[in-house]
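In: pasting a predicted model and its sequence here:
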Protein chains: 2
Amino acid sequence: MRPYTQVLERLRSANLRPTRQRLALAKLLFDGGDRHITAEQLHGEAMTAGVRVSLATVYNTLHQFTDARLLREIVVDAGRSYFDTNTSEHHHFFYEDSGKLEDIPHDELHVSQVPSAPDGAVIKSVDVVIRVAAAQAAQ
Amino acid sequence: MRPYTQVLERLRSANLRPTRQRLALAKLLFDGGDRHITAEQLHGEAMTAGVRVSLATVYNTLHQFTDARLLREIVVDAGRSYFDTNTSEHHHFFYEDSGKLEDIPHDELHVSQVPSAPDGAVIKSVDVVIRVAAAQAAQ
DNA sequence: AACTACTTTAGAGTAATTCTAAATTAATCC
DNA sequence: GGATTAATTTAGAATTACTCTAAAGTAGTT
Ligand SMILES: [Mn+2]
Ligand SMILES: [Mn+2]
Ligand SMILES: [Zn+2]
Ligand SMILES: [Zn+2]
């Protein structure tokens, strides 16, 4: 919770003013380990922590942080996206029953032979999601 | 457009009555090559083809077909899911600019060392999406 | 043909997210 | 430090993609 300077620096280099809201959200996001969090959840945590910030700002901030590569966005379900504070290369288990995401460490899954992007395009990310469900629910 | 019998058989074995709507949608979906299509798009095609079917039925049918393994559902964006008529194992390029999906043939990308599912759980699918964007838009 | 279970549908409802335009705040300049 | 300007925040409305409900219609069975 000291390395505010780090976030501050990254905000500055992304041309994002370190406002009260952005700093508070950054603190909630980056203090204490890797997280997979939705906009609503983060908004809830802000409320609980007594940080007054609108849901629209939470969405704006999450997307700005994602653009600045402070976060990764992971889409699992139509209608739900998670923001991941772990921006290193790694993949995910998605538990269909609980809706939870779990990291798969980078060394435990390998995507090889990634084809190059079509001409004029550039690869933004390689996202692997392994969907799992309770054993009896499977076919 | 002859192999109605095929679809019919698969519907029967999934305990889905071959209704006018299901047969018409199956025809639109499976006649003519692999497709990545949204519910709204399929509904539009049905309208154009003069097939009267409600959007609710399109959604129901797509999900039933997915459960019967006639389709695969691919989630790319929060708030948009595609249904893929190609149910064989393969992965996708997603063009962030146009919103289009493109197949990556199975032999051009390999996921190795897939970790086993946690206890009591079973892997439903391994989904790889490579997000690409126009070159200048990339960081 | 009658019966029953499954299916379809219009329309209302929901959830997540985005938009708009007015109010606020941060950074810059004197 | 106060004025100026541009970025940011916000409430609330709007949008989008989908799901639900309950009533009407249809398929399969006898
Ligand atoms: Mn987004
Ligand atoms: Mn679905
Ligand atoms: Zn993660
Ligand atoms: Zn495909």
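Out: Perfect, I can see it now. Numbering: from 1, shown residues only, chains lettered A, B, ... in the order given. Ligands and ions are numbered 1, 2, ... in the order given.

In: is the lengthiest strand in chain A up against ligand 3 anywhere?
Out: Counting by DSSP state E, the longest strand found in chain A is strand A:121-134. No. Remark: strand A:121-134 sits outside contact range of ligand 3, by Cβ under 5 Å from the ion, the gap being at least 10.4 Å. Every residue, glycine included, has its C-beta placed from N, CA and C.

In: avg pLDDT for that strand?
Out: What strand A:121-134 shows for mean pLDDT is 91.

In: what residue ranges in chain A are flagged as low confidence?
Out: A:1-3, A:136-139 (pLDDT under 70).

In: okay, now the nearest residue to A:D84 once chain neighbours are set aside: neighbour count?
Out: Using Cβ to Cβ, 6 or more residues apart in numbering or on different chains and skipping residues adjacent in sequence, the residue nearest A:D84 is A:R72, 4.4 Å away. Using other Cβ atoms under 10 Å in any protein chain shown, A:R72 has 19 neighbouring residues.

In: with A:A78 instead?
Out: Neighbours of A:A78 (other Cβ under 10 Å): 18.

In: residues in contact with it?
Out: By Cβ atoms under 8 Å, 6 or more residues apart in numbering or on different chains, the contact set of A:A78 is B:V75, B:A78, B:G79, B:R80, B:S81.

In: cutoff 7 Å now
Out: A:A78 makes contact with B:V75, B:G79, B:R80, B:S81 under the criterion Cβ atoms under 7 Å, 6 or more residues apart in numbering or on different chains.

In: where's it relative to B:F93, distance?
Out: 19 Å (Cβ to Cβ, to the nearest Å).

In: swap in A:P118?
Out: The span separating A:P118 from B:F93 equals 7 Å under the rule Cβ to Cβ.

In: okay, and the common contacts of those two?
Out: Residues touching both A:P118 and B:F93 (Cβ under 7 Å, 6+ apart): B:V132.
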